[in-house]
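**Student:** Return atomic coordinates for the entry below.
(one chain, ligands or ions: 2)
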Amino acid sequence: MNEIVSVVQSIILFIPALIANSGAVITGGHFIIDRGKKFIDGRRILGNGKTLSGYAGGIAIGTVTGFIIYLISTLFNYALGTYGTLAEAIIIPFIMATGSLTGDIAGSFVKRRIGIDRGGKGGLLDQWPFALMAFLFLYIFERPFFMYHYFYVTMIVILVIVPPIHRAVNIIGYKMHKKDVPW
Ligand code: CTP
Ligand code: MG
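**Tutor:** Ligands and ions are numbered 1, 2, ... in the order given. I've put the predicted structure just below:
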């Protein structure tokens, strides 16, 4: 029972990495990162879907979301888990969200290399790189937090639940006319 509670808490603490993507959809569209440039294979490096406003806005929204989770959790005797100190409640969500949107860029880079155009269905390439890079960033910059919360059972649980969550959120985004395609 306690194990399940701590896995659920760790998943809740990972929400900034998930929300960062939605934040990028809302704030995105300005200052295309690759500035229209092509890679040596003649295809776009990243494509028009990766913008600085999405990257920065998504990180900001992810970070604020983590801090809000922390504040709410504090009110309920840390029922939702905790990032640690007040400073960590800002730094850790920031690192997760930055890793998430960096992984999202890496995913687009790979999609372009294998010939999937911007917005094309990438399957796991749309769903895993952001989560994997969020874990890698935590591993590099917040190792004790990563080892305690995610290594390795919860990490696997998250990788299993992220694709259906990603799919559901994108269908909602599509219905709300925030996204052009439901994936
Ligand atoms: N977005 C952005 N900047 C980012 C990430 C996302 O502006 N760094 C915005 C773009 O408007 C993008 C939308 O969020 O179209 C959805 O993100 P995503 O699905 O990752 O991009 P796609 O358009 O599907 O492009 P890709 O095929 O490269 O994933
Ligand atoms: Mg997409």
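**Student:** Flag every residue of the chain that's near ligand 1.
**Tutor:** Applying Cβ under 6 Å from any ligand atom, we find that the chain lies next to ligand 1 at 24-25, 28-29, 47, 49-51, 54-55, 101, 104, 108, 111, 118-120, 126. To be clear about C-beta, it is placed using only N, CA and C from the backbone, and glycine gets the same treatment.
**Student:** Try it again at 8 Å.
**Tutor:** Near ligand 1, the residues belonging to the chain are 21, 24-25, 27-30, 33, 46-55, 58, 101, 104-105, 107-108, 111-112, 116-120, 122, 126, 170, 179-181, 183 when assessed by Cβ under 8 Å from any ligand atom.
**Student:** Can you tell me which of those residues are buried?
**Tutor:** A residue is treated as buried here by neighbour count (16 or more other Cβ atoms under 10 Å); on that basis the buried members of these are 21, 24-25, 27-28, 33, 46-47, 49-51, 53-55, 58, 101, 104-105, 107-108, 111-112, 116, 120, 122, 126, 170, 179, 183.
**Student:** mind listing which of the residues you listed are in helices?
**Tutor:** Residues of these located in helices (DSSP state H): 21, 24-25, 27, 53-55, 58, 101, 104-105, 107-108, 111-112, 126, 170.
**Student:** what's next to stretch 175-183, contact-wise?
**Tutor:** Among residues not part of stretch 175-183, those counted as contacts by Cβ atoms under 8 Å, 6 or more residues apart in numbering are V25, I26, G119, K121, G122, D126, R167, N170, I171, G173, Y174.
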